[in-house]
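Chemist: quick one, fold the following:
(2 chains)
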Amino acid sequence: MKFAYLIWSNLRRKKTRTVLTLLSIVVAFILFGFLSAIKQALTGGVVLEGANRLIVRHKVSIIQLLPQSYQQRMQRIAGVAAATHQTWFGGIYQDPKNFFMQTPVVPEEFLDMHPEFVVPADQRKAWLETRTGAIVGRKTAERFNWKIGDKVPIKSTIWSQKDGSFLWTFDVVGFYDGRDKNTDTTALFFRYDYFDEARRPGWGKGQVGWYTIRVTDPSRAAEVAKLVDAEFENSSAETKTEPEGAFVQSWANQIGDIALITASILGAVFFTILLVTGNTISQSVRERTGELGVLKAIGFTNAQVLGLVLAESCLLALLGGIVGLGLAWFLTSRGDPTGGLLPLFFFPVHDVLIGVGLSLVLGLVTGLFPALQAMRLRVAEALRRI
Amino acid sequence: MSEPSGNGGALVIVDGVEKVFHRGSEDIEVLKDLHLKVPAGEFLALMGPSGSGKSTLLNLIGGLDRPTRGTVSIAGERVDELSDRRLAAWRARHIGFVFQLYNLLPVLTAERNVELPLLLTHLSKAERRQHVAAALEMVGLSQRAHHYPRQLSGGEQQRVGIARGIVTDPTLLLCDEPTGDLDRKAGDEVLNLLQALNREHGKTIIMVTHDPHASARASRTVYLNKGQLTNEQMA
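Modeler: Here you go, the predicted model:
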């Protein structure tokens, strides 16, 4: 600690240069925070809960439907504890920008399969008793200021009713909350029996979008997935069964490989920052050759000089990192900036800690070369350069 | 002039020292079979023309460089044999340096500059402050403790440099042209201070200088030419 003021004073030597370097690091870590939040929004939703859940979809594509009759056959497969289905409704509430997911579900099966959705008992009962009833995630309910008892008109882009109308009206009978921060509370779930009966005959009747199955033993999930796919092999609707996380990932990957995109952007940004900060520290050390010689002359060891330069670069990177991460935390804490496309948009604590570690690594890497230069400096030679 | 070996209670013993610098394929012999003894409490001036090897000799005595041949002993310790790490620790304990261009750290105040060598000791913050205050008092700059080097005159900066050199109470104070960058008045103040440190506090001082006026303050002056001691003059 007694060297702290020396390190701090050196950073204050060229204030403009230090501030500009600091700003570049801050911007890099704000970007890191935003990309983490986007990645979290696209891929993080069900990873935690989905360890014992598999998704069964049409082998060709997610938009191909599967027969509702598959449900019973799946439930008979060894290792399958339960199965339930959902179907993409693709509805618009008032304006296409007001995006949130809606799917018809079988209420009891669905809530049993998804314990992360918490619905008060009276509202759950009301849903079971109301054929046109829907439960809405807390975020969406608050977003549109919906109250229990409201009638919500939603225009489907896929499904029409028997009278040819694409406008469906649902009764809001309850709200659900997420058990964890990771739980998406933006969707609207309504009853499949109402949907199947009301939709236009011959337009997917008796068919569903995909199945969610719960396995009895998560360690045997891969084996169960193979059994499920084997069950429907050579049928008109072959299946592809995959972990829930992979399913969500494949949804996200429709706009590209999120992990690769994130890594590429961050890689480019951090490489640039590495050069900028490395150059600043190197320049700073070059300018101080004589001073470093003086420090060595009065008794500072090579290791102490190495430590001083490394501490300086680490302090600079940590300061920039912490400020950047703090700002990213603040900016992302205001929630989804897209108005519903990224319901789980937040900066996970885990990624904040990775960010802090990253800033420290940045400091070490950028400081290492100049620090080694400073360490190897011969005293007499350094003093001659003054 | 070269002195023979044999210590006779000397604090500094330079025995048969040679220093060769290599520049490409060329060898430059800066010091040649040099012998020198400096008793404790002496104020020695090293004079000679540019390139005569004065600063090189001072660097060898201060443990900033190593001789190509020969030995350098300070207070009975073979400095030329110490590892880099032990040499650094030895310098911190035994040597105070005063440089021609003061070499203060511009980002630190006078008191922080003086405190630098004390950071390598086990002294507490309060003890360090006491030592710094005493050193600044000794050079007459107590009232300038919080000033940065740029706010001080050349003479004041050199006095801060001297305070930094003596703050650890070193065995030996090495001064490389301490008045070389000062006007006559400021130079005299610095020389008065060095003389007082030698006479009143018994500090052993070796000073490299070009200036006969400065060397006149020393108790003994030795002359170097082409890497060898050629003459000696007592005050």
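
Chemist: alpha carbons only for contacts and neighbour counts from here, please
Modeler: Noted.

Chemist: contacting residues for the residue in the stretch 201-350 of chain A positioned nearest to chain B?
Modeler: Closest contact between the stretch 201-350 of chain A and chain B, by CA to the nearest CA, is at residue A:299 (4.1 Å). Shown in contact with residue A:299 (CA atoms under 8 Å, 6 or more residues apart in numbering or on different chains): B:87, B:88, B:89, B:90, B:91, B:92, B:93, B:117, B:120.

Chemist: and of those, the nearest to residue A:81?
Modeler: residue B:120 (69.1 Å; CA to CA).

Chemist: assign a three-state SS to residue A:371, would you?
Modeler: At residue A:371 the chain is in helix, as set by DSSP: H, G, I helix; E, B strand; the rest coil.

Chemist: what's the local residue count around it?
Modeler: Neighbours of residue A:371 under the rule other CA atoms under 10 Å in any protein chain shown: 26.

Chemist: got the contact list for residue B:109?
Modeler: Residues near residue B:109 by CA under 8 Å, 6+ apart: B:145, B:146, B:147, B:148, B:149.

Chemist: skipping adjacent residues, who's closest to the second one in space?
Modeler: It refers to residue B:146. What sits nearest to residue B:146 in space, not counting adjacent residues and going by CA to CA, 6 or more residues apart in numbering or on different chains, is residue B:109, at 5.3 Å.

Chemist: give me the phi and psi for the one you found.
Modeler: Per-residue torsions, residue B:109: phi -70, psi 170 (degrees, to the nearest 10).

Chemist: same check on residue B:26?
Modeler: Main-chain torsions, residue B:26, degrees, to the nearest 10: phi -90, psi 140.

Chemist: got the contact list for it?
Modeler: Per CA under 8 Å, 6+ apart, neighbours of residue B:26: none.

Chemist: returning to what we had before: mind putting the contacts of residue A:299 in a markdown table, neighbour count, secondary structure and pLDDT included?
Modeler: Converted to a markdown table, those look like this (neighbours: other CA atoms under 10 Å in any protein chain shown; DSSP: H, G, I helix; E, B strand; the rest coil; pLDDT from 0 to 100):
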| residue | neighbour count | secondary structure | pLDDT |
| --- | --- | --- | --- |
| B:87 | 22 | helix | 93 |
| B:88 | 21 | helix | 93 |
| B:89 | 20 | helix | 93 |
| B:90 | 18 | helix | 94 |
| B:91 | 25 | helix | 94 |
| B:92 | 25 | helix | 94 |
| B:93 | 20 | helix | 92 |
| B:117 | 24 | helix | 96 |
| B:120 | 19 | helix | 93 |
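
Chemist: the residues you listed also near chain A: which ones?
Modeler: With CA under 8 Å from any CA of the partner chain as the criterion, the members of these in contact with chain A are B:87, B:88, B:89, B:90, B:91, B:92, B:93, B:117, B:120.

Chemist: my guess is the second one meets residue A:301, correct?
Modeler: Yes. Under the contact definition of CA atoms under 8 Å, residue B:88 touches residue A:301, with a separation of 5.5 Å.

Chemist: sorry, back to before: just the pLDDT at the residue nearest to residue B:146, thanks.
Modeler: Among the per-residue scores, residue B:109 holds a pLDDT of 96.

Chemist: circling back: how about the ones next to chain A among the contacts of residue A:299, which pair is most distant?
Modeler: Greatest spacing in these, by CA to CA: B:87 and B:117 (14.5 Å).

Chemist: of the contacts of residue B:109, which is the most crowded?
Modeler: Counting neighbours by other CA under 10 Å, residue B:149 comes out on top of those with 23 neighbours.

Chemist: where does the nearest residue to residue B:47 once chain neighbours are set aside fall, secondary structure wise?
Modeler: Computed as CA to CA, 6+ apart, the closest residue to residue B:47 that is not its neighbour in sequence is residue B:223, at 4.8 Å. Element membership for residue B:223, per DSSP states H and E: strand B:220-225.

Chemist: which residue does the stretch 101-250 of chain A have closest to chain B?
Modeler: residue A:181 (48.0 Å).

Chemist: can you get me a residue count around that residue?
Modeler: Neighbours around residue A:181, by other CA under 10 Å: 12.

Chemist: for it, give its distance to residue A:32.
Modeler: Distance of residue A:181 to residue A:32, given as CA to CA, to the nearest Å: 20 Å.

Chemist: give me every residue in chain B lying close to chain A.
Modeler: Counting by CA under 8 Å from any CA, chain B comes close to chain A at B:59, B:64-65, B:84-85, B:87-93, B:95-97, B:103-105, B:107-108, B:117, B:119-120.

Chemist: who are the neighbours in contact with the closest residue to residue B:57 other than its chain neighbours?
Modeler: Excluding the flanking residues, the one nearest residue B:57 by CA to CA, 6+ apart is residue B:31, at 7.6 Å. Residue B:31 is in contact with B:17, B:18, B:19, B:20, B:53, B:56, B:57, B:226, B:227, B:228, counting by CA under 8 Å, 6+ apart.

Chemist: tell me which helix or strand residue B:31 sits in.
Modeler: With DSSP H and E as the test, residue B:31 turns up in strand B:26-39.

Chemist: how about that strand: buried residues?
Modeler: B:30, B:31, B:32, B:33, B:34, B:35, B:36, B:37, B:38, B:39 (16 or more other CA atoms under 10 Å in any protein chain shown).

Chemist: what's whichever helix in chain B runs longest packed up against?
Modeler: As assigned by DSSP state H, the longest helix anywhere in chain B is helix B:184-201. The contact analysis (3 or more CA pairs under 8 Å, 6 or more residues apart in numbering or on different chains; DSSP states H and E) places helix B:184-201 against helix B:154-166, strand B:204-209.

Chemist: reformat these as JSON lines; add mean pLDDT and distance to residue A:162.
Modeler: As requested, the helices and strands packed on helix B:184-201 are exported to JSON lines (pLDDT from 0 to 100; distance: least, CA to CA, whole Å):
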{"stretch": "helix B:154-166", "mean pLDDT": "95", "distance to residue A:162": "95"}
{"stretch": "strand B:204-209", "mean pLDDT": "96", "distance to residue A:162": "107"}
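
Chemist: looking at chain B, which residue ends up farthest from its center?
Modeler: residue B:25 (32.0 Å; CA atoms, centre = their mean).

Chemist: which residues does that residue contact?
Modeler: Listed by CA under 8 Å, 6+ apart, residue B:25 has no contact partners.
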